[in-house]
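**Student:** This is the structure alone, sequence omitted:
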Ligand SMILES: C[S@@+](CC[C@H](N)C(=O)[O-])C[C@H]1O[C@@H](n2cnc3c(N)ncnc32)[C@H](O)[C@@H]1O
């Protein structure tokens with residue numbers, strides 16, 4: 001079971017570190033509700049659903065409507081997008097000349113931007129573009145058009161029928177929301193709840209801001225404060241919470257220590273990123289992992 005899209009800030013490389021820091025008795029909890037307010041490509045969600053059978057319900061959210069529409073479609077009617085995906089994949093992978101492939105990509109991108117949001121096939125076009133565009137980025141111009149250039153991969157896998165059906169089955173116990181992270185908390189019940197929070201990266205330095213460019217609005221330090229308040233509220237209600245973010249030690253070593261200064265535990269791990277924000281071999285980016293409980297180890 002793996003994500004159906006590549007996503008900026010995807011956590012596949014951090015899964016081991018996340019798994020090691022789950023509450024020590026996590027697997028003894030019953031009827032767990034798993035919550036992810038910034039789900040992105042869902043690498044952590046799908047890992048948790050596969051590995052931990054005691055999760056009886058998950059609640060996910062992201063501010064990106066095209067992405068969340070794709071989750072809905074795969075949950076409710078995966079077969080309705082399969083034919084279009086197969087046709088797009090076959091045509092694209094069947095073209096050998098780079099120039100012709102590129103032209104095909106830009107035609108698909110244009111059609112995608114002209115489609116109405118509700119259009120059945122928009123999700124198939126979205127998945128195709130995600131795997132053939134540059135670095136799997138999702139970026140829109142001022143008029144809301146997807147504008148990422150062609151990625152030039154030799155034979156991108158685009159999708160696997162079997163994986164989509166596995167995700168379809170896994171998503172049956174997942175409630176899918178789309179909006180600001182502050183809007184989803186009403187749907188939480190009294191079950192033991194684990195919340196994994198992976199917001200857009202706080203810029204590492206003033207010069208490096210590309211990691212905040214997930215959507216038009218950006219994610220500011222004011223949003224970090226709003227998020228911290230929510231963590232306190234749900235922590236006080238007994239939820240176990242884990243957050244990850246890029247370490248902003250470049251300028252402001254204590255940003256997260258200052259913000260999460262009331263009983264949270266903070267650790268740092270080195271990560272390999274496709275795009276190294278320092279652009280230097282000597283400085284590997286680090287990720288902070290913050291928990292509102294003492295992690296094992
Ligand atoms: C670091 S990514 C999450 C990556 C995810 N963990 C994965 O493995 O793919 C952050 C996500 O937050 C979303 N986002 C940005 N601002 C948001 C907001 N105010 N509320 C909810 N989601 C938001 C972005 O669309 C993006 O998908």
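**Tutor:** Looks like it came in fine. Since this is a predicted model, take the numbers as computed values, not measurements. Residues are numbered from 1 along each chain as shown.
**Student:** which intervals of the stretch 151-297 of the chain have sub-threshold pLDDT?
**Tutor:** 204-217, 248-253, 272-284 (pLDDT under 70).
**Student:** Does residue 290 fall in a helix, a strand, or a coil region?
**Tutor:** Secondary structure assignment for residue 290 (DSSP: H, G, I helix; E, B strand; the rest coil): strand.
**Student:** beta partners for it?
**Tutor:** As for beta bridges, residue 290 partners with residue 243, residue 266 under DSSP bridges.
**Student:** Next one: it from the ligand, what distance?
**Tutor:** When distance is defined by Cβ to the nearest ligand atom, to the nearest Å, residue 290 is 14 Å away from the ligand. (Each C-beta comes from the backbone N, C-alpha and C, glycine too.)
**Student:** And that residue, how far from residue 70?
**Tutor:** 29 Å (Cβ to Cβ, to the nearest Å).
**Student:** and the closest residue to residue 156 other than its chain neighbours, how many neighbours?
**Tutor:** Excluding its sequence neighbours, the residue lying closest to residue 156 (Cβ to Cβ, 6 or more residues apart in numbering) is residue 131, at 4.7 Å. Residue 131 is flanked by 20 other residues according to other Cβ atoms under 10 Å.
**Student:** How about residue 101?
**Tutor:** Neighbours of residue 101 using other Cβ under 10 Å come to 19.
**Student:** Wasn't it part of a helix?
**Tutor:** Yes. Under three-state DSSP, residue 101 falls within a helix.
**Student:** Surely it is in contact with residue 91?
**Tutor:** No. Counting by Cβ atoms under 8 Å, residue 101 stays clear of residue 91, with 9.7 Å between them.
**Student:** Rounded mean pLDDT for stretch 87-101, please.
**Tutor:** Stretch 87-101 shows an average pLDDT of 94 in the prediction.
**Student:** pretty sure the residue nearest to residue 156 contacts residue 155?
**Tutor:** No. Between residue 131 and residue 155 no contact is recorded; they are 10.7 Å apart, counting by Cβ under 8 Å.
**Student:** now the helices for the stretch 151-297 of the chain?
**Tutor:** Secondary structure of the stretch 151-297 of the chain (DSSP state H, counting those that start in this stretch): helices located at 161-170, 221-236, 249-252, 255-259.
**Student:** residues from this protein in reach of the ligand?
**Tutor:** Contact residues (Cβ under 6 Å from any ligand atom) of the chain with the ligand: 7, 9-11, 37-38, 40-41, 43-44, 61-64, 180-181, 198-200, 214-215, 219.
**Student:** The helix or strand harbouring the residue nearest to residue 156 versus helix 161-170: what angle between them?
**Tutor:** Taking DSSP states H and E as the criterion, residue 131 maps to helix 122-132. Helix 122-132 runs at 120 degrees relative to helix 161-170, counting by axes from the mean of the first three to the mean of the last three Cα atoms, to 10 degrees.
**Student:** list the helices and strands helix 122-132 packs on?
**Tutor:** Under the contact definition 3 or more Cβ pairs under 8 Å, 6 or more residues apart in numbering; DSSP states H and E, helix 122-132 sits against helix 65-76, helix 79-94, helix 98-114.
**Student:** how close does residue 64 sit to residue 186?
**Tutor:** From residue 64 over to residue 186 (counting by Cβ to Cβ), the distance is 21 Å.
**Student:** These two: which has the busier surroundings?
**Tutor:** Relative neighbour count places residue 64 above the other of residue 64 and residue 186, with 17 against 5, counting by other Cβ under 10 Å.
**Student:** Wait, that one touches residue 140, no?
**Tutor:** No. Assessed by Cβ under 8 Å, residue 64 is found out of contact with residue 140, at 9.6 Å.
**Student:** Quick check: phi and psi at the residue nearest to the spatial centre of the chain.
**Tutor:** For the chain, residue 40 is the residue whose C-alpha lies nearest the centre (Cα atoms, centre = their mean; 1.9 Å). With angles defined as degrees, to the nearest 10, residue 40 shows backbone torsions of phi 50, psi -130.
**Student:** What helix or strand is the residue lying closest to it once chain neighbours are set aside located in?
**Tutor:** The shortest distance from residue 40 to any non-neighbouring residue, by Cβ to Cβ, 6+ apart, is to residue 7 (4.3 Å). Following DSSP H and E, one finds residue 7 outside all helices and strands.
**Student:** separation between residue 7 and residue 60?
**Tutor:** Distance from residue 7 to residue 60, by Cβ to Cβ: 13 Å.
**Student:** Ok, residue 28 next?
**Tutor:** 24 Å.
**Student:** okay, these two: which has more neighbours?
**Tutor:** residue 60 (22 against 9).
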